[in-house]
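> Here is the input, now give the coordinates:
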Amino acid sequence: MALENYASLQEALRDALERFANHVCLIEADRDHENCRLTYRQFKEAALPLACALQDAGLEAGGRAAIIMTNQSKWLISAYAILYSGGVLVPLDYKLTGEEHLALLAHSRASVLIVEYPLWRAIARSEGFNQLGAKTVLVTEAPPEAKLYGAQRWEQARDSARGEPEFRPRQHSEWAAIVYSSGTGGRPKGCVMTHENYLEQCWSLTRWYPFWPGVRYLSILPTNHAIDFMVGFIGPFVCGATVVHLRALRPQYVQEAFPRYGITYVSVVPMVLKNIEHGLRERFAALPPSKRRLLDFLIGMNRFLTRSRPRPWLSRLLLRDVHKAFGGQLRALIVGGASSEPRTLQFFYDLGLPVANGYGLTEACTAVTVNDLKPFRADTVGRPLPGIEVRILNPDADGIGEVAVRGKTVMSHYLDDPELTAETIVDGWLLTGDLGRMDAGHLQLFGRKKNMIVTEGGKNIYPEDVETFFEGLAMKEFCIFASGYLWPQPAGATAERLILVMRVPDAQRPDGEWAREIAVRNRSLPDFKRVSGYLLWEQEFPRTASLKIKRDVLAEQIRRQLGRDAVKPL
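Below you'll find the model as predicted:
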């Protein structure tokens, strides 16, 4: 579809439902059975009565409607009904607490809430529930005798609607969604996204990674997440592809979904990608020596023959059993939300399973750069997408500075926060707060600007950059802090030191073994980048919806529970 010809997102989706009417758009699976399988025509027939019910309940053009649900068909049906009505979509993270949901609902001033029953029950039992501003609440999948706390059943509201809903057109510059981003620290921020933002992002992404009828996208990330909203809803739908939702996300069911549905694309966060890598390496290591040698030979041959660009047909021929486990149709794994280890990216590429790693942020709609695989480079987060400009502000001697982004995908503003908006968007450039460097048109990242440490000798250290040297150690989680950030001291009191904080699989493992393994990695670093000690942490690291570590929260937890004497020196 020629997205440049459309004024709004709902207009493009409306035409897609007509154009691809007989193609399957959505499959919802629960363990070993399907809850539903909808064609584009059936999707339209399910969504329009809901749009009518929302309009009858008072949803105006420009009115705000929130969705709090796990991935399922009703999420996408509800989203389309809201957009068709000219509403502004407010997708909220279902993993938040009831109190957090209430705070975001109040901040967004949503007049409509569509919510899954268990999540609604948690909200209704939360402090401050009596101040809920939403006038219409539709609850999905509520048990027959469930207490609804003044809400209506989603199914009943849709099925009882009469007449045809009014299609309310919107324009490029008008709001399409308010997407909340907590980042890795600080208060939640409501990013106001326009219809132009989404149309432009969809156009640029599908230039490099197209969808078409027959493509099947496995939706694992929450649909409220910017990545999955774009590549697990908007992108597939305007191209006639199929989205597969899994109600049960246990590894067994995810693994079975690949061959069962012939998955073409799937989006994951780096932590999930790493877990898949571990599983594959364990399976390879368990092979008999002769089969392992043959596998290594075939992987080496595939690496050589695909060094300039992927050749899916060739990789599937050489490494048939590996590709069979992924359904035999997988073209790429899409990864984002946090940095990925180059070694992991190269591992998958050598198997003929390219990882479309990229860099983006909610404020830029979804993606800023993506690896175009021409050629594949594991040490970068790819090139700027078509229509997006990237520049490096105030680069140092190594070319590293703050990443700034400009283009039609950059958000309109932060909701009700003109000061933060003015600080973040300057002369049309979005200041990301991330540090990077351009290398032959590819972007390399080095961490967050606020996390940068300046040594007494004037050297800049990026904790995220140093962390890559400790990847592969048998740790559940780890990250690096400056000692002065964990335990603030008066200026000049002590020299700054780097501390490796880690959560290990076996608390009984002797500290001496950790010290030896860390010391080996440490010696590969320049003197000013070396860690001076490590700290064992027993609790799970706090993380964002995209599984980035909330460094400020973790630091506060460490500060409250441990002192400097808990650090084991190297």
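
> Show the low-confidence segments of this structure, by residue range.
182-187, 337-338, 454-459, 489-496, 506-512, 545-546 (pLDDT under 70).

> repeat that for 50
Applying pLDDT under 50 to the chain flags residues 183-185.

> need the longest strand for it.
In terms of residue count, the longest strand belonging to the chain (DSSP state E) is strand 429-439.

> Name the next helix or strand downstream of that strand, please.
As assigned by DSSP states H and E, the chain's next helix or strand after strand 429-439 is strand 442-448.

> same for that next one, what does it pack against?
strand 367-370, strand 383-384, strand 429-439, helix 463-467 (3 or more C-beta pairs under 8 Å, 6 or more residues apart in numbering; DSSP states H and E). C-beta: built from backbone N, CA, C; applies to glycine.

> change it to 10 Å
Contact partners of strand 442-448 among helices and strands, from 3 or more C-beta pairs under 10 Å, 6 or more residues apart in numbering; DSSP states H and E: strand 355-360, strand 367-370, strand 383-384, strand 401-407, strand 429-439, strand 460-461, helix 463-467.

> May I have the strands that pair with the second one, each with its orientation?
As defined by DSSP bridges, the strand partners of strand 367-370 come to strand 355-360 (antiparallel), strand 383-384 (antiparallel).

> same thing with the fourth one?
Within its sheet, and counting by DSSP bridges, strand 401-407 is paired with strand 388-393 (antiparallel), strand 429-439 (antiparallel).

> so of the ones you listed, which one's packed in deepest?
Comparing the strands paired with strand 401-407 by mean neighbour count (mean count of other C-beta atoms under 10 Å), strand 429-439 comes out on top with a mean of 20.

> quick one: it to chain centroid distance?
19 Å (C-alpha atoms, centre = their mean, to the nearest Å).

> just stretch 416-425 next, same as before
On C-alpha atoms, centre = their mean, the centre of stretch 416-425 falls 24 Å from the chain's centre.

> Quick check: buried residues in it?
Within stretch 416-425, the residues scored as buried using 16 or more other C-beta atoms under 10 Å are 421, 424, 425.

> Return it as CSV; C-alpha atoms alone will do.
Extracted in CSV, the C-alpha atoms of stretch 416-425 (Å, rounded to 0.1, in the frame of the first residue of the first chain):
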residue,chain,number,x,y,z
ASP,A,416,1.5,18.2,29.6
ASP,A,417,5.3,18.7,29.9
PRO,A,418,6.4,21.6,27.8
GLU,A,419,9.7,22.1,29.7
LEU,A,420,10.8,18.5,29.2
THR,A,421,9.7,18.7,25.5
ALA,A,422,11.8,21.8,25.0
GLU,A,423,14.8,20.1,26.6
THR,A,424,14.4,17.0,24.5
ILE,A,425,13.5,18.4,21.0
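
> Please look at residue 553 and residue 539 and confirm they touch.
No. The pair residue 553 / residue 539 is not scored as a contact, 11.2 Å apart, by C-beta atoms under 10 Å.

> Please say which of these two ends up with more neighbours.
A direct count of neighbours by other C-beta atoms under 10 Å for residue 553 and residue 539 places residue 553 higher, at 15 against 11.

> which outside residues touch the host helix or strand of that one?
If you go by DSSP H and E, residue 553 is part of helix 551-561. Here helix 551-561 makes contact (C-beta atoms under 10 Å, 6 or more residues apart in numbering) with 183-186, 448, 450-451, 463-464, 477, 479-482, 485-488, 499, 501, 535, 537-544, 550, 566.

> So how do I select the buried members of those residues in ChimeraX?
ChimeraX command restricting the contacts of helix 551-561 to the buried ones, with burial defined by 16+ other C-beta under 10 Å:
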select :183,184,185,448,451,463,464,477,479,480,481,482,485,486,487,499,501,535,537,541,543,544,550,566
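
> and residue 497, what does it touch?
For residue 497, the contacting residues are 453, 455, 481-484, 486, 530-533, 564, 567, 569, by C-beta under 10 Å, 6+ apart.

> how close does it get to residue 469?
16 Å (C-beta to C-beta, to the nearest Å).

> Deepest in the core, which of the strands paired with strand 367-370 is it.
Of those, strand 355-360 is the most buried (mean count of other C-beta under 10 Å), at a mean of 25.

> Among the contacts of helix 551-561, which ones are in strands?
Those of the contacts of helix 551-561 lying in strands (DSSP E): 448, 477, 479, 480, 481, 482, 499, 501, 535.
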